[in-house]
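Based on what follows, work out the 3D shape:
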Amino acid sequence: MKVTDKIPGGSLRLIIALYAPTQTGDEITGETLIAANVPASKRSIPGASREETAVGREVARQFSVFTIRYRPGLDTAKFLVFAGDRWDIDFVDDINGTHKKIEITARLAR
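So this is what the prediction gives:
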């Protein structure tokens, strides 16, 4: 195991919840809690908040990376909730492929 594979004790001080959309046919009809009280850390991605044109208006986007212990089945179809805010998952990285920790790049939903 590499040093970067370890999660230092006490570094996961935040709590997030993980959700999956519920689908009926082709329509998303709700959401299902897949994990509550997940210990996590969060760091903002400097400069990633940028202005984009969406439906003819300017929109600021905020991106962060959440680190959690490894859990299988997490993908970009899921989303997380932190401090009452929904974060859409853009990328899931199993660091070094060791199944020890995951870094989730997520975008604050507006």
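
now the strands: where do they sit in the chain?
With DSSP state E, the ranges of strands along the chain come out as 14-24, 27-44, 51-54, 57-60, 63-69, 79-82, 85-94, 101-108.

Looks like residue 64 contacts residue 106 (just checking).
Yes - judged on C-beta atoms under 8 Å, residue 64 makes contact with residue 106 at a distance of 6.0 Å. C-betas here are computed from N, CA, C, even on glycine.

Can you read off the pLDDT for the nearest residue to residue 68 once chain neighbours are set aside?
Leaving aside its sequence neighbours, residue 68 sits nearest to residue 40 (C-beta to C-beta, 6 or more residues apart in numbering; 4.8 Å). As predicted, residue 40 sits at a pLDDT of 97.

How about residue 56?
Per-residue pLDDT puts residue 56 at 66.

Mind putting the strands of the chain into JSON lines with mean neighbour count and distance to residue 6?
Compiled in JSON lines, the strands of the chain are given as follows (neighbours: other C-beta atoms under 10 Å; distance: least, C-beta to C-beta, whole Å):
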{"stretch": "strand 14-24", "mean neighbour count": "15", "distance to residue 6": "18"}
{"stretch": "strand 27-44", "mean neighbour count": "13", "distance to residue 6": "13"}
{"stretch": "strand 51-54", "mean neighbour count": "9", "distance to residue 6": "36"}
{"stretch": "strand 57-60", "mean neighbour count": "9", "distance to residue 6": "35"}
{"stretch": "strand 63-69", "mean neighbour count": "18", "distance to residue 6": "11"}
{"stretch": "strand 79-82", "mean neighbour count": "19", "distance to residue 6": "23"}
{"stretch": "strand 85-94", "mean neighbour count": "15", "distance to residue 6": "15"}
{"stretch": "strand 101-108", "mean neighbour count": "19", "distance to residue 6": "8"}
